[in-house]
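*Asks:* predicted model, plus sequence, below.
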There are 2 protein chains.
Amino acid sequence: MKKFNICFIGAGNVATHLAVELQKCGHNITQIYSRTTESAKQLADRLNTDYSTSNETVTKGADIYIVALKDAVVEQVLSQLEFDDKLLVHCSGSLPMNILSKFSKNYGVFYPMQTFSKSREVNFKVIPIFVEANSNQNLQILEDMANEVSESVTVLDSDKRKSLHIAAVFACNFSNHCYALAARYLDSKELPFEILRPLIMETASKVQELHPKEAQTGPAIRFDENIINAHLNELKEMPGLQELYNSISKSIFEHHQEKE
Amino acid sequence: MKKFNICFIGAGNVATHLAVELQKCGHNITQIYSRTTESAKQLADRLNTDYSTSNETVTKGADIYIVALKDAVVEQVLSQLEFDDKLLVHCSGSLPMNILSKFSKNYGVFYPMQTFSKSREVNFKVIPIFVEANSNQNLQILEDMANEVSESVTVLDSDKRKSLHIAAVFACNFSNHCYALAARYLDSKELPFEILRPLIMETASKVQELHPKEAQTGPAIRFDENIINAHLNELKEMPGLQELYNSISKSIFEHHQEKE
């Protein structure tokens, strides 16, 4: 397919992984724009391209501008830049597509649903990408580009994408926090986090085949009060953990009392 | 090493996986005792051995009795059986070893820390096993047996094992419930759970290398109120999810405010 000149607005985790991947596919990453010099330079160096931290020097020659910023600053940053009605795309799970309409006549969304950390390589082929655009022509461009990097591409409107993002927060951010709380508790008992790794891997592997409701094990399903009360008692010196232990256990029990 | 005659008390997920594994290692599973005829028969058939549902016919010839029952019923079931001071072992994360002292002079614990479902095969070699016993001789037997089935064997006292079990509840049962809540929410929006599978797998894979605190991503770390409030508003028709979304997000934020 056609190769594009792409400018990235943002140089964080998502921008880094996506820019590297699109470059691998033969697209020309013309510039990295970021308000943070260090991350702009770091990503530009990795891609052997230019960077800018001043809104006056954002490249005018790009075909596509990909915005990978945190949601809260997207509108503010974009209002300082000019896009000459080129295709302007954000990567957010939660922001509606239409917030881009005041910055360009051509716009869309390219949302790769994954948890990115700069230090960790990911296999883009298995990352589901959700696209949306203001016209069929722009949608075709984004679908083609998504199909180059991933085997799982879905056209999804802003409302559904927001729902998906909420589900992703539970499945990823919140499950990771459960690991973090486990790590903190083990730390307080001078036990190493490492011993939980096989259990964590198996918990995630199970739901690659089973539905999570079938995969659930542990004392909370049957609300085993002996164990639950003993655990709550052990957690009394860590009130934050104790409270979450209680509320998540109740939620598990209620979930398993409901009819299918 | 020496091969033993082993009787299992219980025929649930843990008993099933452990009995199959010990038989593979050449031990003789002489009998399955369970109060539930169906599961007793099912496991006995799989092992090509006998089963009993009556406390009067529990085999007297075993060298080791392995108790894999839910914690709440262990003492009640054991009080109806006789063990002739043979080695009596439970598999619980939370029960202290000493509850066994009134049933036999020889006792210990063999706790495989994993989430078992009958329908799913597991690789025992990577499952951490924690052992404890009332004497060095009995400890040696349990360590040897654990080393036959797993590459990760640790001697751990009852207090530390209970701490470990609490951490396992967070890392496994609670993270799985986060998947389940995501699935339920997607279901309410007519989106399939399947699309979350790559994200779940990567979330668990990340912490095989990184510490979960480093691996954390998402709106709650920086308490991005735009996203969080939008999500809470979307969840208003599911108050259970809304409440957990709020409390877990707060916990993530507080966790990331703390000094290392």
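*Replies:* Yep, that arrived.
*Asks:* for the rest of this, base every contact and every neighbour count on C-alpha atoms.
*Replies:* OK.
*Asks:* tell me who's in contact with the residue of chain A most remote from its centre.
*Replies:* For chain A, the C-alpha farthest from the mean C-alpha position belongs to A:Asn226; by C-alpha atoms, centre = their mean, that distance is 38.8 Å. Taking C-alpha atoms under 8 Å, 6 or more residues apart in numbering or on different chains as the definition of contact, the neighbours of A:Asn226 are B:Asp71, B:Ala72.
*Asks:* longest helix in chain A, by residue count?
*Replies:* Criterion DSSP state H: the longest helix present in chain A is helix A:239-257.
*Asks:* packing partners for that helix?
*Replies:* Counting contacts by 3 or more C-alpha pairs under 8 Å, 6 or more residues apart in numbering or on different chains; DSSP states H and E, helix A:239-257 packs against helix A:225-234, helix B:239-257.
*Asks:* and A:Asp85, how far from A:Ile29?
*Replies:* Computed as C-alpha to C-alpha, to the nearest Å, the A:Asp85 to A:Ile29 distance reads 19 Å.
*Asks:* my bad, should have said A:Lys60
*Replies:* As it turns out, when the distance is counted by C-alpha to C-alpha, A:Lys60 lies 13 Å from A:Ile29.
*Asks:* and if you look at A:Met201?
*Replies:* 36 Å.
*Asks:* circling back: can I get the longest helix of chain A as PDB, trimmed to CA atoms?
*Replies:* Once non-C-alpha atoms are left out, helix A:239-257 reads as follows in PDB (Å, rounded to 0.1, in the frame of the first residue of the first chain):
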ATOM      1  CA  PRO A 239      -6.400  -0.700  56.000                       C
ATOM      2  CA  GLY A 240      -6.300   0.100  52.200                       C
ATOM      3  CA  LEU A 241      -5.700  -3.600  51.400                       C
ATOM      4  CA  GLN A 242      -8.200  -4.700  53.900                       C
ATOM      5  CA  GLU A 243     -11.000  -2.600  52.400                       C
ATOM      6  CA  LEU A 244     -10.300  -3.700  48.900                       C
ATOM      7  CA  TYR A 245     -10.000  -7.400  50.000                       C
ATOM      8  CA  ASN A 246     -13.500  -7.000  51.500                       C
ATOM      9  CA  SER A 247     -15.200  -5.200  48.600                       C
ATOM     10  CA  ILE A 248     -13.700  -7.400  45.900                       C
ATOM     11  CA  SER A 249     -14.500 -10.600  47.800                       C
ATOM     12  CA  LYS A 250     -18.100  -9.500  48.200                       C
ATOM     13  CA  SER A 251     -18.200  -8.600  44.500                       C
ATOM     14  CA  ILE A 252     -16.900 -12.100  43.500                       C
ATOM     15  CA  PHE A 253     -19.500 -13.800  45.800                       C
ATOM     16  CA  GLU A 254     -22.400 -11.700  44.300                       C
ATOM     17  CA  HIS A 255     -21.200 -12.300  40.800                       C
ATOM     18  CA  HIS A 256     -21.300 -16.100  41.400                       C
ATOM     19  CA  GLN A 257     -24.700 -16.000  43.100                       C
END
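*Asks:* which residues of chain A score low on pLDDT?
*Replies:* Where chain A drops to pLDDT under 70, the residues are A:259-260.
*Asks:* which residue ranges form the strands in it?
*Replies:* Assignment of strands within chain A using DSSP state E yields the ranges A:5-9, A:28-33, A:50-52, A:64-67, A:87-90, A:107-112, A:129-133, A:153-155.
*Asks:* okay, these in CSV with mean neighbour count next?
*Replies:* What follows is those, written out as CSV (neighbours: other C-alpha atoms under 10 Å in any protein chain shown):
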stretch, mean neighbour count
strand A:5-9, 24
strand A:28-33, 25
strand A:50-52, 21
strand A:64-67, 24
strand A:87-90, 25
strand A:107-112, 26
strand A:129-133, 26
strand A:153-155, 18
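*Asks:* and the ones you listed: which comes nearest A:Ala180?
*Replies:* Closest approach to A:Ala180 among the strands of chain A is made by strand A:107-112 (24.2 Å; C-alpha to C-alpha).
*Asks:* quick one: that closest one near chain B?
*Replies:* No - no part of strand A:107-112 sits close enough to chain B to count as contact by C-alpha under 8 Å from any C-alpha of the partner chain; the gap is at least 10.1 Å.
*Asks:* just to revisit the earlier point, a markdown table for the strands of chain A, including distance to B:Lys41?
*Replies:* Shown next, in a markdown table, are those (distance: least, C-alpha to C-alpha, whole Å):
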| stretch | distance to B:Lys41 |
| --- | --- |
| strand A:5-9 | 63 |
| strand A:28-33 | 65 |
| strand A:50-52 | 69 |
| strand A:64-67 | 61 |
| strand A:87-90 | 58 |
| strand A:107-112 | 49 |
| strand A:129-133 | 48 |
| strand A:153-155 | 47 |
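*Asks:* mind listing what A:Ser54 touches?
*Replies:* Under the criterion of C-alpha under 8 Å, 6+ apart, the contact list for A:Ser54 reads A:Tyr33, A:Arg35.
*Asks:* which of the helices and strands packed on helix A:239-257 sits most buried?
*Replies:* Of the helices and strands packed on helix A:239-257, the one with the most neighbours on average (mean count of other C-alpha atoms under 10 Å in any protein chain shown) is helix B:239-257, at a mean of 18.
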